[in-house]
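Provided below are the primary sequence and the corresponding predicted coordinates.
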Amino acid sequence: MPHDWLLELRGRINTQMALCPADDRALIDHHLISANHSPCADSHERCFCARLWPCAWAREAAARYGVAIGAVYANVPEPASVLTAS
């Protein structure tokens, strides 16, 4: 099960893509969070990019979308509806 903050980040990226389909940064972030920059199944301390988890990209994306790494978002019913493109 992914971390709550990672699920929140994925949700906010998806929301940004839905709100601004022309946002290339959101499209790139969507592809990166979906495959390359997620906790590795073999070692939860490593990212699929082979760096320590969370890697620099995940930290930067979390900051870009206003998500606190390590935070519990279980009580947040849905991602924020208004995001700003970076």
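Okay, I see it.

please count neighbours and contacts with C-alpha atoms only from this point.
Will do.

which residues of the protein fall in strands?
Taking DSSP state E, the chain contains no strands at all.

so where is it shaky, pLDDT-wise?
1-2, 36-44, 74-86 (pLDDT under 70).

G70 reaches W5, doesn't it?
Yes: judged on Cα atoms under 8 Å, G70 makes contact with W5 at a distance of 6.1 Å.

between the two, point out the one with more neighbours.
W5 (18 against 11; other Cα atoms under 10 Å).

so who does R59 touch?
By Cα atoms under 8 Å, 6 or more residues apart in numbering, the contact set of R59 is I69.

and if we set it to 6 Å?
Residues touching R59, when contacts are defined by Cα atoms under 6 Å, 6 or more residues apart in numbering, are absent altogether.

repeat that for Q16.
Taking Cα under 6 Å, 6+ apart as the definition, Q16 has no contacts.

so which residues of this protein form helices?
Assigned by DSSP state H, the chain shows helices spanning 4-19, 24-31, 56-64.

remind me what the second one packs against, helices and strands.
Judged by 3 or more Cα pairs under 6 Å, 6 or more residues apart in numbering; DSSP states H and E, helix 24-31 is in contact with no other helix or strand.

now it and helix 4-19, what's the angle there?
In terms of direction (axes from the mean of the first three to the mean of the last three Cα atoms, to 10 degrees), helix 24-31 departs from helix 4-19 by 140 degrees.

give the buried residues for helix 24-31.
Buried residues in helix 24-31, defined by neighbour count with 16 or more other Cα atoms under 10 Å: 26-27, 29-30.

name the nearest of those relative to C20.
Taking Cα to Cα as the measure, C20 lies nearest A26 of these, at 8.4 Å.

measure the closest one to T15 for me?
Noted for A26: a distance of 9 Å to T15, by Cα to Cα, to the nearest Å.

same thing with L9?
Using Cα to Cα, one gets 10 Å for the distance from L9 to T15.

for those two, indicate the residue with more neighbours.
Taking L9 and T15 together and counting by other Cα under 10 Å, L9 has the greater number of neighbours (27 against 19).

many thanks, we can stop here.
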